[in-house]
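Asks: fold the following.
(2 chains, ligands or ions: 4)
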There are 2 protein chains.
Amino acid sequence: MQPEELIQGICDGKLRALAKAITLIESQRPEDQQATASILEAVLPRTGSSLRIGISGVPGAGKSTFIEAFGMYLLQQGKRVAVLAVDPSSQLSGGSILGDKTRMEELSRQECAFIRPSPSGETLGGVARKTRESMLLCEAYGFDVIIVETVGVGQSETAVASMVDFFLLLQLPGAGDELQGIKKGVMEIADGIVVNKADGDNVERARLAARQMENALHIMTPKSPSWTVPVELVSALHKSGMDLVWQMLQDYLEAMRASGEFEQKRKNQAVDWMWSTVMDNLKYAFSTHPKVAAALPELQRSVAEGVTTPGIAARKLLEVFRRPM
Amino acid sequence: MQPEELIQGICDGKLRALAKAITLIESQRPEDQQATASILEAVLPRTGSSLRIGISGVPGAGKSTFIEAFGMYLLQQGKRVAVLAVDPSSQLSGGSILGDKTRMEELSRQECAFIRPSPSGETLGGVARKTRESMLLCEAYGFDVIIVETVGVGQSETAVASMVDFFLLLQLPGAGDELQGIKKGVMEIADGIVVNKADGDNVERARLAARQMENALHIMTPKSPSWTVPVELVSALHKSGMDLVWQMLQDYLEAMRASGEFEQKRKNQAVDWMWSTVMDNLKYAFSTHPKVAAALPELQRSVAEGVTTPGIAARKLLEVFRRPM
Ligand SMILES: Nc1nc2c(ncn2[C@@H]2O[C@H](COP(=O)(O)OP(=O)(O)OP(=O)(O)O)[C@@H](O)[C@H]2O)c(=O)[nH]1
Ligand SMILES: Nc1nc2c(ncn2[C@@H]2O[C@H](COP(=O)(O)OP(=O)(O)OP(=O)(O)O)[C@@H](O)[C@H]2O)c(=O)[nH]1
Ligand SMILES: [Mg+2]
Ligand SMILES: [Mg+2]
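Replies: Residues are numbered from 1 along each chain as shown, chains lettered A, B, ... in the order given. Ligands and ions are numbered 1, 2, ... in the order given. Okay, here's the model as predicted:
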């Protein structure tokens, strides 16, 4: 299909066109990237009105089960839902969510839901860019809510947090030593926390975990002066507490829209994204410059060994980079 | 003085040569930067054996008072101590520490101590680079301990943490609401925490604060598998608890040296420093490129307003940057 057909298809709500356009975004071929740029530019005016939610949690926290339950809840509220993912460890075979379709069985069978596995790619930056661009296409198509899951490898939470309106952290019940393992920095980027698996014998431990997290949150500076990060208990398995999460989101949006932070955050995210694309490109051009690539290993080693200062090594590399070939 | 004289002077333990060389590092003149590079290269083999400590805390936490007390304690242990600072807000007139010399009165009068205010500069990156290079000169001169204070503006804690072996966070007594205000991400980079002002009526509240912080630390992933971040009570005003802090440092060094993390951290810091210098330079060259500078404001505005996608704007800027002038 030509870019024009794909654009038309997306605007007309043709799921096949959306899927094909996302495949173009994920492609490495230069001509596909040209096509991608023209599609994105064309649909841009139709984007921006979806709610973007990031979801993270350690393996086994119940992300897939939660997305299934929460997604079904949203459909019942008349929302159309797209689920994307950022998983830098995913292979060409196709990411965690695809293999997960069994766990999101009900959701994946619904007409108003769209589930797409993480794009594969070598770098987190590449994977994040592709997910971001796919998100814009999903918005243009007309999804009301976009859920972006991260498997929590490396810096993937930060990457996802920088593309969503609301970042939800899924936690396990337990306390003290059991709880230990909240990834460094992740609690600080959460806009809301849910303790999942608050069912059966777990209820008491879930309450304890919630209290401990509230205490920890209490001594940290809030991300926003207009928002106190809430902690709620849910059971994804029993599909309970989904209304609490939805209410949490409504409260958040209301507070952020009233203070003007919602708009401002989106603007900042877009400008930051532009700059990180620029810097990624410059770094790539630098590292793959033949003379830099030739000098780099030895210089990097001398710096690590303390034989050259970092400043002098940087200066040498920059000279080599700038010298006409 | 010529670079050769300064190098000789530093190696001979002439304080005046050290101070002059640091002034060169702080200078913006290109010829001084040449001289700086040759001095750094010459003294490099004599660096690396000092202990590098970063100290942070909110305004009024007692950083100056603590550094005075801890510095005097170190001198009594026969250590020579240099105090540097990273304060991106400092003006040409000369940073917080200089105005602070009254608060570090005793320390500043000692022969084996050296106190230098923060270099001034427009960007945090520039200030951090200068402090880093000054630190190397102080090491070559023969200081056993280098203390780098940060006033905690913006990202300055991260910058300081990336140049020291041990990052100490100074906290105030109090609990709950009073404690609220631990800056986002700072608790995560601390290798040790001291609750200061644990004297007089404050003792109980200091204990409570320590307990709360231990609880919060408990549910986060440790920075290193071989180290649990300790929390100690001190009174900088009454110079008590300094031995606890020194013991904390000894324990830390022993654990990190045994696991090999000490060496590895220094190597990583040096390589990261090289890369951040390279990236800062590329970003500067990019932003000041006449055609980029001309196109940037308009493109940045369109991205913020959602008229252009970040990816397309980045591509346009990169094209302009690469096109031969
Ligand atoms: N009791 C109980 N079990 C749950 C709940 N949610 C998920 N589980 C179970 O926990 C296990 C892990 O759930 P997943 O949804 O696969 O967790 P995940 O976070 O997606 O895990 P990864 O995809 O491996 O990162 C499964 O056996 C689920 O059935 C819940 O609310 N209560
Ligand atoms: N009671 C008590 N007061 C202290 C202690 N340490 C510092 N203070 C007082 O707290 C106030 C602030 O101390 P400083 O050392 O200037 O704090 P600072 O962190 O350097 O502050 P800035 O330089 O403004 O960032 C001063 O009035 C000190 O006398 C202590 O251990 N106990
Ligand atoms: Mg899963
Ligand atoms: Mg001070």
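Asks: spell out which parts of chain A neighbour ligand 3.
Replies: A:63, A:64 (Cβ under 5 Å from the ion). Just so you know, the C-beta spots here come from the backbone N, C-alpha and C atoms, and that holds for glycine as well.
Asks: name the single longest helix found in chain A.
Replies: helix A:261-288 (DSSP state H).
Asks: so which elements touch that one?
Replies: helix A:124-141, helix A:242-259, helix A:290-305, helix B:261-288, helix B:290-305, helix B:310-322 (3 or more Cβ pairs under 8 Å, 6 or more residues apart in numbering or on different chains; DSSP states H and E).
Asks: in which helix or strand would I find the residue in the stretch 51-200 of chain A that ligand 4 sits nearest to?
Replies: Closest to ligand 4 within the stretch 51-200 of chain A is residue A:188: 25.8 Å, counting by Cβ to the ion. Residue A:188 is part of helix A:186-189 when elements are defined by DSSP states H and E.
Asks: which residues touch the residue of the stretch 51-200 of chain A closest to ligand 4?
Replies: A:220, A:223, B:184, B:185, B:188 (Cβ atoms under 8 Å, 6 or more residues apart in numbering or on different chains).
Asks: which pair of these spans the longest distance?
Replies: Spanning the widest gap among those are A:223 and B:188, at 14.5 Å by Cβ to Cβ.
Asks: what about residue A:38, how many residues close to it?
Replies: Neighbour count of residue A:38, defined by other Cβ atoms under 10 Å in any protein chain shown: 15.
Asks: pretty sure it sits against residue A:3.
Replies: Yes - using Cβ atoms under 8 Å, residue A:38 is in contact with residue A:3, at 5.0 Å.
Asks: state the distance from whatever residue of the stretch 201-325 of chain A ends up closest to ligand 1 to residue B:200.
Replies: Relative to ligand 1, the nearest point of the stretch 201-325 of chain A is residue A:237 (3.4 Å; Cβ to the nearest ligand atom). Distance, residue A:237 to residue B:200, by Cβ to Cβ, to the nearest Å: 53 Å.
Asks: could you tell me whether residue A:85 really is in a strand?
Replies: Yes - the assignment for residue A:85 (DSSP: H, G, I helix; E, B strand; the rest coil) places it in a strand.
Asks: for ligand 4, what's the nearest residue on chain A?
Replies: Taking Cβ to the ion, chain A has residue A:221 as its residue nearest ligand 4, at 20.2 Å.
Asks: quick check, pLDDT for that residue.
Replies: You'll see residue A:221 listed with a pLDDT of 77.
Asks: how many other residues sit next to it?
Replies: 14.
Asks: out of the helices and strands packed on helix A:261-288, nearest to residue B:114?
Replies: Taking the helices and strands packed on helix A:261-288 one by one with Cβ to Cβ, helix B:261-288 is closest: 22.1 Å.
Asks: quick one: work out the angle between that closest one and helix A:261-288.
Replies: 100 degrees (axes from the mean of the first three to the mean of the last three Cα atoms, to 10 degrees).
Asks: specify the angle between helix B:261-288 and helix A:290-305 in degrees.
Replies: 140 degrees.
Asks: helix B:261-288 to helix B:242-259, inter-axis angle?
Replies: 90 degrees.
Asks: and helix B:261-288, what's buried?
Replies: B:261-262, B:267, B:269-271, B:273-282, B:286 (16 or more other Cβ atoms under 10 Å in any protein chain shown).
Asks: and if you look at stretch A:197-214?
Replies: Result for stretch A:197-214 [16+ other Cβ under 10 Å]: buried residues A:197, A:198, A:199, A:202, A:205, A:206, A:208, A:209, A:210, A:212, A:213.
Asks: which ones among these map onto helices?
Replies: Among the buried residues of stretch A:197-214, the members falling in helices (DSSP H) are A:205, A:206, A:208, A:209, A:210, A:212, A:213.
Asks: surely the second one touches residue A:173?
Replies: Yes - using Cβ under 8 Å, residue A:206 is in contact with residue A:173, at 3.8 Å.
Asks: now for these two: what residues contact both?
Replies: Counting by Cβ under 8 Å, 6+ apart, the residues touching both residue A:206 and residue A:173 are A:195, A:197, A:198.
Asks: so who does residue A:42 touch?
Replies: Contacts of residue A:42 (Cβ under 8 Å, 6+ apart): A:3, A:7.
Asks: and the gap between it and residue A:3?
Replies: In terms of Cβ to Cβ, residue A:42 sits 8 Å off from residue A:3.
Asks: next: residue A:311.
Replies: Applying Cβ to Cβ to residue A:311 and residue A:3 gives a distance of 47 Å.
Asks: which one's more surrounded, the two?
Replies: Using other Cβ under 10 Å as the criterion, residue A:311 and residue A:3 rank with residue A:311 on top: 22 against 19.
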